[in-house]
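Engineer: fold the following.
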Amino acid sequence: MLFNVNQHEAYCYTGGKLLKPELPTVVFIHGAQNDHSVWGLQSRYFAHHGYNVLAVDLPGHGRSKGPALTSIEDMAHWLLALLDAAQIQQATLVGHSMGSLVALETCANAPQRVSKLCLIGTAYPMKVSDTLLNAARDEEQTAIDMVNIWSHTSMAHKPSFPGPGFSVLGGSQRLMQRLSKINPDKLFYTDFFACNAYANGEAAAHTVQCPTLFVIGKKDMMTPPKATTTLTNIITRGKITLIENCGHSLMSEQSDAVLNTLFQFVKA
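Structural biologist: As a prediction, this is how the structure comes out:
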């Protein structure tokens with residue numbers, strides 16, 4: 001579904017359903033060098049079980065036009081403008097990695113617009129190493145390779161993986177390469193720079209009053225469980241779920257576990 005946001009075309013996947021104002025809405029926000037497709041299973045399930053779904057492509061990602069935004073704050077303002085364009089007054093926000101920071105900042109800016117908050121693969125501060133930042137700026141394919149190695153556990157590559165014939169790591173690499181082709185303007189570096197520079201997480205967390213779910217991969221090396229403690233110690237209505245045998249790419253590595261955890265939380 002296409003909307004006009006800040007004079008640019010913005011795309012949201014709706015799970016194959018029309019938006020209905022009487023239904024509750026769940027907004028899915030992707031991470032760096034990703035798009036709405038990382039939420040394929042989760043978004044479609046919600047859409048077919050009683051919810052409006054907006055799985056967004058952030059500006060400069062996927063099918064959304066305009067330049068990639070350079071700060072988490074700008075992405076949060078864009079998300080509120082998208083909700084206005086879609087005529088959605090209140091929603092559950094579900095964000096992964098960079099998207100979790102966008103969800104958090106959006107909730108701080110407009111708490112009345114957020115009914116529940118789901119932060120997946122999150123951390124604050126979300127610092128990016130100089131090595132990875134430099135690779136994203138100067139050797140994007142190297143950065144893609146590094147992130148995919150660090151984002152997946154060894155479980156994702158074993159023959160016993162529950163999706164025989166499907167490579168989780170390979171699929172993630174192809175998506176990132178496709179986004180580089182669509183937007184050659186150092187998209188990965190722009191996203192990583194925004195995560196690295198975001199400094200309002202602690203203040204934002206202090207404003208959160210809605211029920212909040214933290215979904216953490218137990219073997220996540222990009223945003224390890226200990227890196228969430230700043231947020232989990234502040235947000236008083238927070239619930240933590242650790243997903244076993246899972247790295248940073250939670251939605252693909254343990255798709256059913258993530259879906260079940262999200263759905264139980266949102267419908268409660």
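Engineer: which SS class is V27?
Structural biologist: Counting by DSSP: H, G, I helix; E, B strand; the rest coil, the backbone at V27 sits in strand.
Engineer: could you do the one 10 residues further on as well?
Structural biologist: State at S37, reduced to three classes by three-state DSSP: helix.
Engineer: that one and F214: what is the separation?
Structural biologist: To F214, S37 is 23 Å away according to CB to CB, to the nearest Å. For the C-beta atoms, the positions are set from N, CA and C on the backbone; glycine is no exception.
Engineer: ok, P67 next?
Structural biologist: Separation of P67 from F214 (CB to CB): 31 Å.
Engineer: between these two, which is the more surrounded one?
Structural biologist: F214 (21 against 12; other CB atoms under 10 Å).
Engineer: and that one, what are its phi and psi?
Structural biologist: Per-residue torsions, F214: phi -110, psi 120 (degrees, to the nearest 10).
Engineer: same question for K219.
Structural biologist: The phi/psi pair for K219 (degrees, to the nearest 10) is phi -110, psi 20.
Engineer: residues contacting it?
Structural biologist: T153, N245, C246, G247 (CB atoms under 8 Å, 6 or more residues apart in numbering).
Engineer: what sits against the second one?
Structural biologist: Contacts for N245 (CB under 8 Å, 6+ apart) come out as T153, M155, K218, K219, E253, Q254.
Engineer: quick one: the helices in the stretch 1-150 of the chain?
Structural biologist: Counting by DSSP state H, counting those that start in this stretch, residue ranges of the helices within the stretch 1-150 of the chain are 40-47, 72-85, 98-109, 130-138, 140-151.
Engineer: other residues contacting the first one?
Structural biologist: Translated: helix 40-47. Residues contacting helix 40-47 (CB under 8 Å, 6+ apart): 13-17, 26, 28, 36, 53, 55, 94, 251, 255-256, 258-259, 262-263, 266.
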